[in-house]
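Enquirer: return a 3D structure for these sequence lines:
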Amino acid sequence: MKICLSVTNDVVTDQRVYKIAHSLTKFTTDITVIGRKRRKSFPIDKKGIYIKRFLLLFNKGPLFYVEYNIRLFFFLLCNNFDILVANDLDTLPANYLAARCKKVKLVYDSHEYFTEVPELVQRSFIRKTWERIEKWILPNINYSYTVCNSIAGIYNKKYGINMQTIRNFPYCFDYSEKDLKINHSQEKMILYQGSVNKGRGLELVIQSIKYIENAKFHIVGDGDIIEQLKQFVTEYKLENKVVFAGRLPINELSEYTKRADLGISLEEKLGLNYYYALPNKLFDYIKAGVPVLVSDFPEMGLLVKKYDIGITTLSTNPKEIAKIIKFMVTDSQSIQKWQKNLQKAASELCWEKEEIKLLNLYEQIISPL
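Expert: Residues are numbered from 1 along each chain as shown. As a prediction, the model looks like this:
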């Protein structure tokens, strides 16, 4: 049996796709993952999984999506697969058409509420185009899953489908006493990791950091507004308070995360995708034993309050955010409580437990084959 997963990124930092591909090796050793290769893409070696990355002429805008889906369609058409897995709406057209032509099974993995991402919310024509594609294909898909209950509920109500929830938890991690640490003397490390795009609350934290002594804000990742943020830092004369670490390979990123005193996920409500987000970085912070400051939105807020692993807020006032951050990195009693609770959260929110749902779903898909 052959399974092919496709995604429009370069695969290197896509932990969800790699984890799912690795889990599917329990059914077959013939797994292919398709992405794209960019000039700054890191080399990739995922043992036991064949990686195919397209080198494209266009790397953004409508022509990118058209070119990628054409390349993907013909690749799928010219190769034999039993199951096609489309990751997000931007890979779905090619997968859907190829699955129809080849008469093979199609699975849809929605990493986000695609038509509600900030980049589309203010661009009505492009947004409506993707909504038409979604409306055309989704009702015809028998097997699908997404990253949180809120997004699954929206799709199920909207299209009358049975989309399941497979959350993007990290692999389990064993804590020891040395991981329960309080940083009394060293410079405090405030961390944001992930895509550096619009609506992530990064400008707010940059403005806040100037009110916090003995602390630096580390931004790990890359994205559409990285140069804009660097200019923003220069204008506010905060070059000695903000660190741009760039993109890091997954193994280096996990070590970087462990050094942090506080993890940030202050998404803005720019569309329902961010409002219902359950970001990968939140689980990475939890795994690393790092208390979190997050937006008080339905999915993030509920999880942080349930495990009591940090603070939630809706404030957009830099001085108020600075006050919260100061408290979170200096109050020893709270830090000890959060770090103890993070151990419990990490033991429960791990991929080894979540993948059981994934494997049960694929058993249903595979059994008639």
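Enquirer: run through the bridge partners of residue 189.
Expert: Assessed by DSSP bridges, residue 189 has beta-bridge partners residue 216.
Enquirer: and the gap between it and residue 270?
Expert: For residue 189, the distance to residue 270 equals 27 Å [Cβ to Cβ, to the nearest Å]. (C-beta placed from N, C-alpha, C; glycine too.)
Enquirer: try residue 248
Expert: 26 Å.
Enquirer: next: residue 2.
Expert: Here residue 2 is placed at a distance of 39 Å from residue 270 (Cβ to Cβ).
Enquirer: list of residues touching stretch 245-260?
Expert: Stretch 245-260 has contacts (Cβ atoms under 8 Å, 6 or more residues apart in numbering) with 12-13, 15, 40, 42, 189-191, 193, 218-222, 263, 284-285, 287-290.
Enquirer: was I right about residue 216 contacting residue 238?
Expert: No. With contact defined as Cβ atoms under 8 Å, residue 216 does not reach residue 238; the gap is 9.6 Å.
Enquirer: element containing residue 4?
Expert: In this assignment (DSSP states H and E), residue 4 forms part of strand 2-6.
Enquirer: how far does that strand sit from its chain's centre?
Expert: 20 Å (Cα atoms, centre = their mean, to the nearest Å).
Enquirer: stretch 35-43 too?
Expert: Remark: stretch 35-43 is offset 18 Å from the chain centroid, using Cα atoms, centre = their mean.
Enquirer: next: stretch 163-172.
Expert: Centroid separation for stretch 163-172 versus its chain: 11 Å, with Cα atoms, centre = their mean.
Enquirer: identify the residues contacting that stretch?
Expert: Stretch 163-172 is contacted by residues 15-16, 19-20, 108-111, 144-149, 152, 155-156, 278, 280, 283-284, 286-287, 346-347, 349-354, 357-358, 361 when judged by Cβ under 8 Å, 6+ apart.
Enquirer: ok, now stretch 214-231?
Expert: Contacting residues not belonging to stretch 214-231 are listed as 40, 119, 187-198, 202-203, 205-206, 209, 241-248, 253, 256, 260, 325, 329 [Cβ under 8 Å, 6+ apart].
Enquirer: over to stretch 21-39?
Expert: By Cβ under 8 Å, 6+ apart, the residues outside stretch 21-39 that reach it are 1-11, 14, 17-18, 46, 48-56, 59, 68, 72, 75, 79, 81, 351, 355, 358-359, 362, 366.
Enquirer: out of those residues, list just those in strands.
Expert: If you go by DSSP state E, these have 2-6, 50-55 in strands.
Enquirer: most neighbours of all the residues you listed, which one?
Expert: Each of the ones in strands among the contacts of stretch 21-39 was scored by neighbours using other Cβ atoms under 10 Å; the highest score is residue 6's, at 30 neighbours.
Enquirer: now that residue. Nearest residue, chain neighbours left out?
Expert: Using Cβ to Cβ, 6 or more residues apart in numbering and skipping the chain neighbours, the partner closest in space to residue 6 is residue 34 (4.2 Å).
Enquirer: doesn't that neighbour lie inside a strand?
Expert: Yes. Assessed with DSSP: H, G, I helix; E, B strand; the rest coil, residue 34 lies in a strand.
Enquirer: dig out what it forms beta bridges with.
Expert: Applying DSSP bridges to residue 34 yields these beta-bridge partners: residue 6, residue 52.
Enquirer: mind checking how far it is from residue 148?
Expert: Relative to residue 148, and taking Cβ to Cβ, residue 34 is found at 25 Å.
Enquirer: and residue 58, by the same measure?
Expert: Taken as Cβ to Cβ, the span from residue 58 to residue 148 is 31 Å.
Enquirer: neighbour-wise, which of those two wins?
Expert: Shown here are residue 58 and residue 148; by other Cβ under 10 Å, residue 148 has more neighbours (22 against 12).
Enquirer: name the nearest residue to the more buried one, ignoring sequence neighbours.
Expert: The nearest residue in space to residue 148 (Cβ to Cβ, 6+ apart) is residue 278, at 4.3 Å.
Enquirer: what about the one you found, how many residues nearby?
Expert: By other Cβ under 10 Å, the residues close to residue 278 number 24.
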